[in-house]
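Novice: with the input below, show me the fold.
(one chain, ligands or ions: 2)
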Amino acid sequence: MSAEIINGKNLSLALKEEMKKEVDALKIDGIHPQLTVILVGDHPASRSYVNGKEKACGETGIGSHIIELPKTVSESDLLKEIHRLNDDANVHGILVQLPLPFHINEQKVIETISPEKDVDGFHPINIGRMMTGMDTYLSCTPYGIITMLRSKNISIAGKHAVVIGRSNIVGKPVAQLLINENATVTTCHSKTENLKQFTRIADILVVAVGKANIIDASYVKEGATVIDVGMNRLENGKLTGDVDFDSVQEKASFITPVPRGVGPMTITMLLKNTIKAARRLENREG
Ligand SMILES: NC(=O)C1=CN([C@@H]2O[C@H](COP(=O)(O)OP(=O)(O)OC[C@H]3O[C@@H](n4cnc5c(N)ncnc54)[C@H](OP(=O)(O)O)[C@@H]3O)[C@@H](O)[C@H]2O)C=CC1
Ligand SMILES: Nc1nc(=O)c2c([nH]1)NC[C@@H]1CN(c3ccc(C(=O)N[C@@H](CCC(=O)O)C(=O)O)cc3)C=[N+]21
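Specialist: Numbering: from 1, shown residues only. Ligands and ions are numbered 1, 2, ... in the order given. The predicted model follows:
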């Protein structure tokens with residue numbers, strides 16, 4: 001058996017076409033959705049992701065603005081900038097690219113962003129809203145993963161989903177969204193004993209660790225759906241996921257590639273959240 005590939009790049013293209021129409025319609029009503037990204041320092045990976053976000057905004061007609069701050073910026077100057085954007089009625093979405101330099105408290109930064117403009121869905125209020133099943137901005141990577149599963153009509157309700165990774169930005173919100181979709185969910189992490197005993201019984205396996213090829217076919221149940229969130233830059237410059245694609249593709253029924261898998265969907269869901277923010281802040285949604 002050879003798994004069907006869930007191509008996040010192609011799905012993103014289709015979703016972006018729909019969103020462009022939505023944005024055009026909003027513009028007729030005088031609403032111009034606008035995302036502002038704050039980039040601290042000049043880490044090449046962060047810059048490349050931020051460029052990807054800017055390009056995607058351009059493709060859908062969403063206004064984007066990047067504020068670049070030096071890596072020596074003080075925490076209080078960064079917080080001031082966020083307050084300024086919170087108060088700027090032209091800005092609907094604010095994203096502070098992570099990770100931040102060590103002298104800046106990330107949690108404090110996230111909590112300073114107005115929950116109404118937190119299109120990353122990282123603010124504790126929005127996390128709490130997600131946990132309780134309320135309407136909110138869903139974190140983009142988890143939201144992208146659920147959208148990919150739905151696009152292939154992969155059933156989630158009643159299935160056993162195993163998530164490897166428990167970070168606040170990926171592992172935990174993915175697990176929560178899968179629970180909201182009525183999956184039975186197991187979360188694994190670096191302290192998990194005998195990881196394989198869990199992964200081998202997963203109908204849906206989400207791998208969000210950040211270690212190239214840690215999951216090979218021996219970890220995967222025949223016919224499972226395998227979602228690879230990992231982004232690992234190899235020494236030869238190639239980008240690879242956490243899953244050994246070639247061996248797992250032989251055993252799974254669906255698999256996401258890296259690149260062109262979850263990554264492009266993360267950006268696409270950010271656009272979706274920005275449009276939602278524009279609607280809400282301009283009082284066009286209940
Ligand atoms: N495609 C996309 O859009 C995105 C991709 N990413 C990528 O996803 C990956 C994960 O990101 P992120 O969650 O931020 O990373 P973190 O480093 O914050 O979290 C990694 C998680 O993996 C766990 N872990 C580490 N080693 C093992 C192991 N050997 N076995 C089992 N679990 C392990 C850690 O456990 P513990 O908690 O015990 O330390 C931790 O929970 C990275 O490659 C990142 O680049 C991230 C965001 C978006
Ligand atoms: N506040 C914040 N929000 C984020 O959403 C956020 C962040 N910080 N910090 C870093 C992670 C990582 N992330 C990715 C986005 C797109 C791709 C992506 O588009 N990847 C392409 C390839 C890109 C390339 O070739 O470099 C792909 O997989 O096909 C990957 C990773 C968002 N993150």
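Novice: alpha carbons only for contacts and neighbour counts from here, please
Specialist: Noted.
Novice: what residues does the closest residue to ligand 2 within the stretch 101-250 of the chain make contact with?
Specialist: Nearest residue of the stretch 101-250 of the chain to ligand 2 (C-alpha to the nearest ligand atom) works out as Asp120 at 5.8 Å. By C-alpha atoms under 8 Å, 6 or more residues apart in numbering, the contact set of Asp120 is 94-95, 137-140, 270, 273.
Novice: so of those residues, which ones are in helices?
Specialist: Here DSSP state H is the test, and the contacts of Asp120 give 140, 270, 273 as lying in helices.
Novice: how about the stretch 101-250 of the chain: which residue is closest to ligand 1?
Specialist: For the stretch 101-250 of the chain, C-alpha to the nearest ligand atom, closest residue to ligand 1: Gly210, 3.1 Å.
Novice: so that residue, which of the three states?
Specialist: Using DSSP: H, G, I helix; E, B strand; the rest coil as the criterion, the local structure at Gly210 reads coil.
Novice: so it sits right up against Asp228, yeah?
Specialist: No: counting by C-alpha atoms under 8 Å, Asp228 is not a contact partner of Gly210; they are 9.8 Å apart.
Novice: the more surrounded of the two?
Specialist: Under the neighbour definition other C-alpha atoms under 10 Å, Gly210 and Asp228 were set side by side, and Asp228 has more, 28 against 18.
Novice: ok, now which ones touch that one?
Specialist: Contacts for Asp228 (C-alpha under 8 Å, 6+ apart) come out as 206-208, 241-243, 255-258, 261-262.
Novice: Val163 falls within a strand, correct?
Specialist: Yes: counting by three-state DSSP, Val163 is located in a strand.
Novice: contacting residues for it?
Specialist: The contact partners of Val163, taken as C-alpha under 8 Å, 6+ apart, are 171, 174-175, 185-188, 205-208.
Novice: try Glu17
Specialist: Thr60.
Novice: could I get the average pLDDT for whichever strand or helix holds it?
Specialist: Following DSSP states H and E, the helix or strand that holds Glu17 is helix 8-28. This predicted structure assigns helix 8-28 an average pLDDT of 98.
Novice: kindly report the same for stretch 82-90.
Specialist: For stretch 82-90, the mean confidence score works out to 98.
Novice: hmm, back to that, per-residue pLDDT of the closest residue in space to the residue of the stretch 101-250 of the chain closest to ligand 1 that isn't next to it in sequence, please?
Specialist: Distances taken as C-alpha to C-alpha, 6 or more residues apart in numbering put Gly230 closest to Gly210, at 4.9 Å, once the chain neighbours are dropped. The model reports Gly230 with a pLDDT of 98.
Novice: how close does Gly230 sit to Gly165?
Specialist: With the distance defined as C-alpha to C-alpha, to the nearest Å, Gly230 ends up 10 Å from Gly165.
Novice: identify the contacts common to the two.
Specialist: Overlap between the contact sets of Gly230 and Gly165, as judged by C-alpha under 8 Å, 6+ apart, is given by 207-209.
Novice: in a strand, Phe122, correct?
Specialist: No: secondary structure of Phe122 (three-state DSSP): coil, not part of a strand.
Novice: report how many residues lie close to it.
Specialist: So Phe122, with other C-alpha under 10 Å, has 23 neighbours.
Novice: contacts only, for it.
Specialist: Residues counted as contacts of Phe122 (C-alpha under 8 Å, 6+ apart) are 110, 139, 168-169.
Novice: right, I'll leave it there.
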